[in-house]
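Colleague: Following is a predicted model, sequence given first.
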Amino acid sequence: MDPVDALTETAFLLERELAPGFKVKAFRRAAAVAGELPAEELAARASDGRLARTKGIGDRSLEIVLQALEGRVPDYLEALRARTGEKLGPEAKALREQLRGDLHAHSDWSDGTTDIPSMAAAARALGHEYLALTDHSPSLKIAHGLTAERLEAELDVVAGVNADGDEGFRLLAGIEVDILADGALDQEPELLDRLDVVVASVHSKLRDEKGPMTARMLAAIRSGRADVLGHCTGRLVQGSRGTRPQSEFDADAVFAACADAGVAVEINSRPERQDPPDELIALALEAGCLFSIDSDAHAPGHLGFIDLGAERAAAAGIPPERIVTTWPLEQLLAWTTR
């Protein structure tokens, strides 16, 4: 197989299993170094030993390149594929095959690890028809949230990616906008109106009492600018950040408002979130809500998390037509511009 593809896939699969960032960066750096060399020169350097002395090529990366040049899947990659391969049941697999895109992903413009073109390329490689770039809003300073000026600059980058890309894929201009304590959305209204997708999420004061938290969420849902209610409970169930209990709010009122406003409830597929819990998914389904199965990716490999979201949605019995990420792009954009 192609050595650069082998290194890139290795990094992707390591990201998917939440491997340490330094390990992922090593393979992405090696892929960048190898990718700058013509195929003949890469093979020559590998053959005469110069590649082993090339900055950015470590022992494991060298092994992957050498084995790929032999025309086989490298051992390390083969083991990764076996470890991280699809394990979906038939219903979840059928739903996963109907998913056309992802409405929640981050780049290195906020707290993601990777540049915007790389995130778009990874989404295309997964077979997505669209991916919404939803970097954070300004109040989330710890995540390098985008000021209005930076968001406008990012829109130019998104337009450039679409101009250079293929017609079968579109990078959607979006934001994960913080729901502030008073329920306001943390970005200029005029800018929000220019975006394809607005994911509204609570990131601060997660331990607010039930009444204020409910009022806060209802104001955002009824604002007329939110498309998706992101990770609604804010819980963490595992992972390096530890665990965090879910926020308290009137779920019946919140989901009724979502159904009334046409705001989709996100099924956040990150393993450490698994948000909403199963019982809240059931409530939202009964309330008549739409859903969006999203990865909340912060790296290319995280885009694969939507398999986990598909599994949860299938187990909950959500009809595919009520999952907006099964919709073709034209239908999706008609909904987000409603």
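Modeller: Now that the structure is in, tell me what you want to look at.
Colleague: hey, let's count contacts and neighbours off CA atoms from now on
Modeller: Will do.
Colleague: Same question for Ala220, what's its three-state structure.
Modeller: Look at Ala220: counting by DSSP: H, G, I helix; E, B strand; the rest coil, its state is helix.
Colleague: If we ignore the residues flanking it in sequence, what's nearest it?
Modeller: Counting by Cα to Cα, 6 or more residues apart in numbering, Gly183 is the residue found nearest to Ala220 once chain neighbours are left out, at 5.3 Å.
Colleague: Pull the longest strand along the chain out as CSV, backbone CA atoms only.
Modeller: With DSSP state E setting the assignment, residue counts place strand 170-178 as the longest strand in the chain. Taking Å, rounded to 0.1, in the frame of the first residue of the first chain, the C-alpha atoms of strand 170-178 are listed here in CSV:
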residue,chain,number,x,y,z
ARG,A,170,-19.1,20.2,1.3
LEU,A,171,-17.5,21.7,4.4
LEU,A,172,-20.3,23.6,6.2
ALA,A,173,-19.6,26.8,8.0
GLY,A,174,-20.7,26.4,11.6
ILE,A,175,-20.0,27.1,15.2
GLU,A,176,-20.4,25.5,18.6
VAL,A,177,-21.8,28.5,20.3
ASP,A,178,-21.8,28.7,24.1
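Colleague: And the contacts of the next helix or strand after that strand?
Modeller: Moving toward the C-terminus from strand 170-178, the next helix or strand (DSSP states H and E) is helix 189-192. Helix 189-192 is touched from outside by Ala148, Glu152, Val198, Arg225, with contacts defined as Cα atoms under 8 Å, 6 or more residues apart in numbering.
Colleague: switch the cut-off to 10 Å
Modeller: By Cα atoms under 10 Å, 6 or more residues apart in numbering, the list of residues contacting helix 189-192 from outside reads 148-149, 151-152, 173-175, 177, 185-186, 198, 225-226.
Colleague: ditto for stretch 328-336
Modeller: Here stretch 328-336 makes contact (Cα under 10 Å, 6+ apart) with 99-101, 129-130, 169-170, 172, 195-198, 225-228, 262-263, 324-327.
Colleague: Show me these that map onto strands.
Modeller: Secondary structure defined by DSSP E assigns Gly101, Tyr130, Arg170, Leu172, Val197, Val198, Val228 of those to strands.
Colleague: what's the neighbour count on the third one?
Modeller: Put plainly, it is Arg170. Applying other Cα atoms under 10 Å, we find 23 other residues in the vicinity of Arg170.
Colleague: That'll do, ta.
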